[in-house]
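Colleague: The following block contains a protein sequence and its predicted model.
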Amino acid sequence: MIHFVGAGPGAVDLITVRGKMLLETADQIIYAGSLVNAELLQYAKKRCRILNSASMTLETVTAAMAEGEEMGWHTVRLHTGDPSLYGAIREQMDILEEKGITYDIVPGVSSFAAAAAAARAEYTLPGVSQSVIITRMEGRTPVPDKQKIADYAAHQATMVIFLSSSLLAALTAELLRGGYDAETPAMIVYKASWPDEKVLPCTVASLAETAAANGICKTALILVGPFLQAAYERSRLYDPTFSHGCRMAVAKP
Ligand code: SAH
């Protein structure tokens, strides 16, 4: 059995209880060494085989999984954050299906959630934004038409941009092209939840210079949108004049 496990954003205690339990019982752990905190491997059994997938291919990863199956092992495939985002798990699952190997997925705390926590921000503010767009700049991985940053910027919703901290001048150009104002608030969150985490408020125009001044070119998320401004409306959920399934209004609006 293969368990795809979300390792969380970095801090060792941000893995789920289920994920930790699976690490403790695994006979083989294949971890994404470029981003997963290696301290998580302290939970592994003494005789566990540990492989770092940073230097492996899809074929060698799935071959190691198949080998584990032949040995009757439990294998954990440890991915950073939540495996469903930029985790390249679909291609692994498809090969496992072909080989008739069973697997399941344990979700993890994505870095986009850890970044909001680090920034002490709420992505969905009434009257400001009720949507979060998770996206990336086009790099070596192509981004389909109609899904470019400028297409999304036109919505003026909250944007969380992954995998783009080395492309910030181009990101600014795309955000401006999509209709964002140069002074729209933005934020660079570097290594959310790690000891060397950095939270850097800036604007759409100053993304590249802020990153350069702080030596940041990887492991960061870019947050963009008016949710970083001061103004918003109060929530209806906790409004005393508003009734819902669990509470009657105490006063008329
Ligand atoms: N599945 C992961 C994302 C993997 S893609 C998740 O759910 O978070 C790798 C990208 O995620 C990095 O380039 C960076 O943009 C972002 N990232 C991962 N961990 C991060 C962290 N702790 N702080 C900020 N960004 C992070």
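Modeller: Received it, and whenever you're ready, just let me know what you need.

Colleague: Please enumerate the helices of the stretch 51-200 of the chain.
Modeller: Using DSSP state H, counting those that start in this stretch, the helices of the stretch 51-200 of the chain run over 58-71, 90-99, 111-119, 149-153, 168-177.

Colleague: now those in JSON lines, with mean pLDDT, mean neighbour count and distance to residue 213?
Modeller: All C-beta spots, glycine's among them, are computed from the backbone N, C-alpha and C. Listed next are the helices of the stretch 51-200 of the chain as JSON lines, based on pLDDT from 0 to 100; neighbours: other C-beta atoms under 10 Å; distance: least, C-beta to C-beta, whole Å:
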{"stretch": "helix 58-71", "mean pLDDT": "98", "mean neighbour count": "16", "distance to residue 213": "38"}
{"stretch": "helix 90-99", "mean pLDDT": "98", "mean neighbour count": "14", "distance to residue 213": "38"}
{"stretch": "helix 111-119", "mean pLDDT": "98", "mean neighbour count": "22", "distance to residue 213": "18"}
{"stretch": "helix 149-153", "mean pLDDT": "95", "mean neighbour count": "21", "distance to residue 213": "23"}
{"stretch": "helix 168-177", "mean pLDDT": "97", "mean neighbour count": "19", "distance to residue 213": "12"}
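
Colleague: for those helices, which one sits closest to the ligand?
Modeller: helix 111-119 (3.3 Å; C-beta to the nearest ligand atom).

Colleague: can you list the residues that contact the closest one?
Modeller: 8-11, 14, 80-81, 85, 122-123, 132, 134, 160, 162, 187, 189, 192-193, 197, 199, 221, 223, 228 (C-beta atoms under 8 Å, 6 or more residues apart in numbering).

Colleague: follow-up on the earlier one: would you reformat the helices of the stretch 51-200 of the chain as JSON lines and include distance to residue 40?
Modeller: Shown next, in JSON lines, are the helices of the stretch 51-200 of the chain (distance: least, C-beta to C-beta, whole Å):
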{"stretch": "helix 58-71", "distance to residue 40": "18"}
{"stretch": "helix 90-99", "distance to residue 40": "19"}
{"stretch": "helix 111-119", "distance to residue 40": "15"}
{"stretch": "helix 149-153", "distance to residue 40": "33"}
{"stretch": "helix 168-177", "distance to residue 40": "30"}
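
Colleague: For residue 245, which of the ones you listed is the nearest?
Modeller: For residue 245, the closest of the helices of the stretch 51-200 of the chain is helix 111-119, at 26.1 Å, according to C-beta to C-beta.

Colleague: Got a ChimeraX select line for the buried ones in the contacts of helix 111-119?
Modeller: Buried subset of these, written as a ChimeraX selection, criterion 16 or more other C-beta atoms under 10 Å:
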select :8,9,10,11,14,80,81,85,123,132,160,162,187,189,192,193,197,221,223,228
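
Colleague: which residue does the stretch 51-200 of the chain bring closest to the ligand?
Modeller: Counting by C-beta to the nearest ligand atom, the stretch 51-200 of the chain gets nearest the ligand through residue 81, at 2.1 Å.

Colleague: Now do the contacts for the residue nearest to that residue when sequence neighbours are not counted.
Modeller: In this structure, residue 81 finds its nearest non-sequential neighbour in residue 110, 4.3 Å apart by C-beta to C-beta, 6 or more residues apart in numbering. Contacts for residue 110 (C-beta under 8 Å, 6+ apart) come out as 6, 9, 81-82, 85.
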